[in-house]
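[1] coords below, sequence missing:
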């Protein structure tokens, strides 16, 4: 119990800043599926600062406009190459789960993948302490790494 109280106290005094990006090759659908989990308050702050706007991610007034901002923001801060080819991410939308925003993207027409290169600097402008976890799954094999601001690049070979 004391351990739990200490962890809670440390998070209040020194919050942590982390996002999770999952990249999966779906061989059946011949696509790359991407999901990004960010704390909704961090994403909201980034969107509002980046676009000089006031958006509420949990209760948006104009969800279409907010989706446009989120799509644009992610595409500027997350680039993925498959076998050396830059992928054009198609933003599908987002959902809120507890204190996090899950954002979904995909790329169709990807039959096989041997190498994935990722540039991920999501939320780096907001938090100098930002860390981004990256998980990539190809042919059922999962590989993971973490990039810490300012480092934003990772490569995976399968």
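    In hand now; what should we look at? Please read these numbers as outputs of a predicted model, since none were measured by experiment.

[2] what residue is smack in the middle of the chain?
    residue 36 (3.0 Å; C-alpha atoms, centre = their mean).

[3] ok, now how distant is that one from residue 80?
    Distance of residue 36 to residue 80, computed by C-beta to C-beta, to the nearest Å: 11 Å. Where you see a C-beta, it was placed from the backbone N, CA and C, and this is true even at glycine.

[4] cool, and residue 71?
    Residue 71 is 15 Å from residue 80, where distance means C-beta to C-beta.

[5] helices or strands up against the top helix by length along the chain?
    What stands out as the longest helix in the chain, according to DSSP state H, is helix 63-77. Using 3 or more C-beta pairs under 8 Å, 6 or more residues apart in numbering; DSSP states H and E, the elements in contact with helix 63-77 are helix 40-50, strand 90-97, strand 100-108.

[6] returning to what we had before: more crowded one of residue 71 and residue 80?
    Neighbour count, other C-beta atoms under 10 Å: between residue 71 and residue 80, residue 80 has more, with 22 against 18.

[7] could you give the number of residues near the nearest residue to that one once chain neighbours are set aside?
    Closest residue to residue 80 apart from its sequence neighbours, by C-beta to C-beta, 6 or more residues apart in numbering: residue 87 at 4.9 Å. Residues near residue 87, counting by other C-beta under 10 Å, number 18.

[8] what's the answer for the one 4 residues further on, then?
    Other residues within reach of residue 91 by the criterion other C-beta under 10 Å amount to 18.

[9] in this structure the residue nearest to the centre of the chain contacts residue 77, no?
    No: counting by C-beta atoms under 8 Å, residue 36 does not reach residue 77; the two are 9.4 Å apart.

[10] overlap in contacts of the two?
    Common contact partners of residue 36 and residue 77 (C-beta atoms under 8 Å, 6 or more residues apart in numbering): residue 122.

[11] same list (the helices and strands packed on helix 63-77) but as a markdown table, adding distance to residue 18 and mean pLDDT.
    Shown next, in a markdown table, are the helices and strands packed on helix 63-77 (distance: least, C-beta to C-beta, whole Å; pLDDT from 0 to 100):
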| stretch | distance to residue 18 | mean pLDDT |
| --- | --- | --- |
| helix 40-50 | 9 | 95 |
| strand 90-97 | 15 | 97 |
| strand 100-108 | 10 | 98 |
